[in-house]
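In: mind looking at a prediction? Sequence and model below.
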2 protein chains.
Amino acid sequence: VPKRVDHEERRAEIAAAVWRIAADRGLEAASMREIAAEAGVSPGRVQHYFADKDALMLFAARRLRERVEERVARGTAEGAAPRDRLRALLRALLPLDAGSRADALAGAAISVRARGDPGLAERYDAGRTRIAAELSARLADVRADLDHELEARTLLALAQGLASDLMLDHQTPRQATAVLDHYLGRLLP
Amino acid sequence: VPKRVDHEERRAEIAAAVWRIAADRGLEAASMREIAAEAGVSPGRVQHYFADKDALMLFAARRLRERVEERVARGTAEGAAPRDRLRALLRALLPLDAGSRADALAGAAISVRARGDPGLAERYDAGRTRIAAELSARLADVRADLDHELEARTLLALAQGLASDLMLDHQTPRQATAVLDHYLGRLLP
């Protein structure tokens, strides 16, 4: 069904335009017209796929969450040692290269918008809860004696702080990786 | 010089209006007119004190940084044990009550704007550097054997992640405090 695939691609291109605007200048001022221009399509085409800006934001947020989860899944692929999988999961949460940096900037803008949009906040929170559960499970694999829920909340907060530092160029990828490895070294001697 | 004091108060009131708008809906869309309305003064009055929006943002960011630094100074007052001073310094960085929460939300919005404004970014970074140096010095007081610069970067990233969780209601003040105390307990046994 080639027609269907084409529609999905078009929707993905529009979502990518939302991410670029989010990363560049935030979402508060982004109109449907501006999003259409960024995607290189007509405003009518955007309207054809999305009833309103809220529907488009939900779709863009869902696709972004899927990208982060795919990165996490690749990072925690079967076969690696439990400790390496935990480290890879945490690294997947950090904007250490251009692609993940763009995603992180878009995600930060979406999280700001989610503060005033309960539907968006719900999706955002669901993704976060899944990542916290995954972290907790990976921690249980490597050290049975920890309070996994508390440790997962600590690690997730640390990863978020490092992600913020990387986005604002307050730490280099090398420095942020050193912080993460130092922390894991103390947690898992 | 009562006239001068009055001017300072008026400038402070306008800065507070900027923080409220920043915390409520971000700064991208805030016009000088909107800021004047929020402060309850005429647009001409705002123009009288600040040449343009950039000058106003710089002032609002400086006053906000001073508030955070005053909170940190109160938290690390002379007399307390070194370990308590370190904990108080970190707690001063977290939005654990209504006042510090409003400041943190405004600070987050300003940090987003600072990505596109070198003058603002410079002030923001200077405040951050001072806090990192203070953290490093407090760490040196309690454990001479650590890599204080690396530990300070780790603690600052953790505090930022917790601050973000508190702002987005992903952790309660009690949970965030538990994470901090658990972390300090492992760092300073």
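Out: Done, it's in. Residues are numbered from 1 along each chain as shown, chains lettered A, B, ... in the order given.

In: end to end, how far does stretch A:144-151 reach?
Out: 12 Å (C-alpha to C-alpha, to the nearest Å).

In: how about the residues of chain A near chain B?
Out: A:25-26, A:28-29, A:108-109, A:111-112, A:114-116, A:125, A:128, A:147, A:150, A:153-154, A:156-162, A:164-165, A:168, A:170-171, A:175-176, A:178-179, A:182-183, A:186 (C-beta under 8 Å from any C-beta of the partner chain). Where C-beta positions appear, they are placed from N, C-alpha and C, glycine not excepted.

In: 7 Å - rerun?
Out: Applying C-beta under 7 Å from any C-beta of the partner chain, we find that chain A lies next to chain B at A:25-26, A:28-29, A:111-112, A:115, A:128, A:150, A:153-154, A:157-162, A:164-165, A:168, A:170-171, A:175, A:178-179, A:182-183, A:186.

In: mind checking which of those are in strands?
Out: Using DSSP state E, no member of the residues of chain A next to chain B falls within strands.

In: the residue most central in space within chain A - nearest residue in space that isn't next to it in sequence?
Out: Most central in chain A under C-alpha atoms, centre = their mean is A:Val68, positioned 4.4 Å from the mean C-alpha point. Excluding its sequence neighbours, the residue lying closest to A:Val68 (C-beta to C-beta, 6 or more residues apart in numbering or on different chains) is A:Asp103, at 6.5 Å.

In: what is the burial count for the one you found?
Out: Residues lying near A:Asp103 (other C-beta atoms under 10 Å in any protein chain shown) number 19.

In: got the contact list for it?
Out: A:64, A:67-68 (C-beta atoms under 7 Å, 6 or more residues apart in numbering or on different chains).

In: can you put these in JSON lines and add pLDDT and secondary structure?
Out: Below are the contacts of A:Asp103 laid out as JSON lines (pLDDT from 0 to 100; DSSP: H, G, I helix; E, B strand; the rest coil):
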{"residue": "A:Leu64", "pLDDT": "86", "secondary structure": "helix"}
{"residue": "A:Arg67", "pLDDT": "86", "secondary structure": "helix"}
{"residue": "A:Val68", "pLDDT": "82", "secondary structure": "helix"}
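
In: who touches A:Gln175 in this structure?
Out: Contacts of A:Gln175 (C-beta under 7 Å, 6+ apart): B:Arg153.

In: so where's chain A shaky on pLDDT?
Out: A:1-5, A:29, A:77-79 (pLDDT under 70).

In: run through the helices of chain A in chain order.
Out: Taking DSSP state H, the helices of chain A run over residues A:2-25, A:32-39, A:43-49, A:53-75, A:82-92, A:98-114, A:118-142, A:148-167, A:173-187.
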